[in-house]
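>>> Just the structure for this:
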Amino acid sequence: MVLLQRIRPCQSIQPGRLIFWAASRKLNPRMIAEPGLRIAALHSSPLQLLARPRSRSSLWAYGTGLLLVLSAALAGGSVLNSEQAHPIPLREDPVTHARIPESLRLPSRDPQQSFRLLGLGSRHVTFLQIPVYVIGVYIDSVTEHAISTWKAFDAEAFLKHNVALDHLVKGKGQIAIRIEPTRATNGPHLRNGVERFLKLQLAQDQASLTETELQEIKAAMTELRANFPPGVVKAGQSFVFRKTTENTLEMEFEGELMVVMKSKWVAETFIAAYLRADPPISEKTRVSVADGLQKAQSGAL
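Reported below is the predicted structural model:
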């Protein structure tokens, strides 16, 4: 079923597994309906039309967009690029069956900057191994090219001993971690998890850090705490944490830039935490990333 809702570009909605969205600047039959319209495909919900066309031209584009969305939903699901309305392939997490995009464009900075999915997996908690969120690890073209120049890559050494992790995380390119909860949670709960592993690593690294670096880390973690979404985070909503070329860590929530943490240590440590072996946040993500690194090293990603 399809739910249509008029919202602001950065406002969030409950999307279910598949999201089809449009943010066209002009009414255009090649685009999807009206500007600022997001269309979410839900698993089980009666058809609801919450966005009403206000003119004949709007009605024409509205109807055209609805037909395109219904066709895409019946075809098996993909995400529509907001600029070109072209389907973006999705990859399914084998455990949660959540489907995440094969590529990312992050609208808060350069909309032309594309990231490719390197690997994915899910984070589980408690002895029952309940999945709490799906993780996607993405790299830009600079990082992908750097990996292709590696003389060799040993997946087993990467998984057991973090070999090549520094080359990946401390390179000149950008890496992004996308996190999508599989069930409703809240911002403080997710934030506390991020702060916990940063503080644990800081306790190990503190003796080797300068006073300036420590002040930068303190300021970055204060910024993170102050700007993390405070309310409910619904299943299917997403965070993206990006290590930039300036060695800062950006956090976006549902396409809105929330904070820029100006600490190289925080940026590198956050990305490395999802990839290192001791202890792993998600072993399945690491295994998938190791496979992606092998493909990228051979130019087959």
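>>> Give the buried residues for the longest strand seen in the chain.
Identified as the longest strand of the chain according to DSSP state E is strand 114-125. Neighbour-count burial for strand 114-125, counted by 16 or more other Cβ atoms under 10 Å, picks out 115-124. Yep, even glycine has a C-beta here, placed from its N, CA and C like the rest.
>>> which residue sits closest to Lys160, ignoring its sequence neighbours?
Once flanking residues are discounted, Lys160 sits nearest to Ala277: 6.3 Å by Cβ to Cβ, 6 or more residues apart in numbering.
>>> On the pLDDT front, check the one you found for me.
pLDDT recorded at Ala277 is 90.
>>> dump the residue contacts of it.
159-162, 286 (Cβ atoms under 8 Å, 6 or more residues apart in numbering).
>>> Before we go further, it is sitting in a helix, right?
No: counting by DSSP: H, G, I helix; E, B strand; the rest coil, Ala277 falls outside a helix, being coil.
>>> That one and His161, how far apart?
7 Å (Cβ to Cβ, to the nearest Å).
>>> residues of the helix or strand that the longest strand of the chain is followed by that come out buried?
Note on strand 114-125: by DSSP states H and E, the next helix or strand toward the C-terminus is strand 130-139. For strand 130-139, the buried set under the neighbour-count rule, 16+ other Cβ under 10 Å, comprises 131-139.
>>> Same question for stretch 140-151.
Under 16+ other Cβ under 10 Å, the buried positions of stretch 140-151 are 140, 143-144, 146-147.
>>> mind listing the strands for the stretch 201-301 of the chain?
With DSSP state E, counting those that start in this stretch, the ranges of strands along the stretch 201-301 of the chain come out as 232-233, 239-243, 249-253, 256-261.
>>> Can you tell me which of these is nearest to Arg225?
strand 256-261 (9.5 Å; Cβ to Cβ).
>>> Run through the helices of the stretch 201-301 of the chain in chain order.
When assigned using DSSP state H, counting those that start in this stretch, the helices of the stretch 201-301 of the chain occupy the ranges 211-227, 264-273, 283-297.
>>> What helices and strands are in contact with the last one?
When contacts are defined as 3 or more Cβ pairs under 8 Å, 6 or more residues apart in numbering; DSSP states H and E, helix 283-297 sits against strand 114-125, strand 130-139, helix 141-148, helix 155-161.
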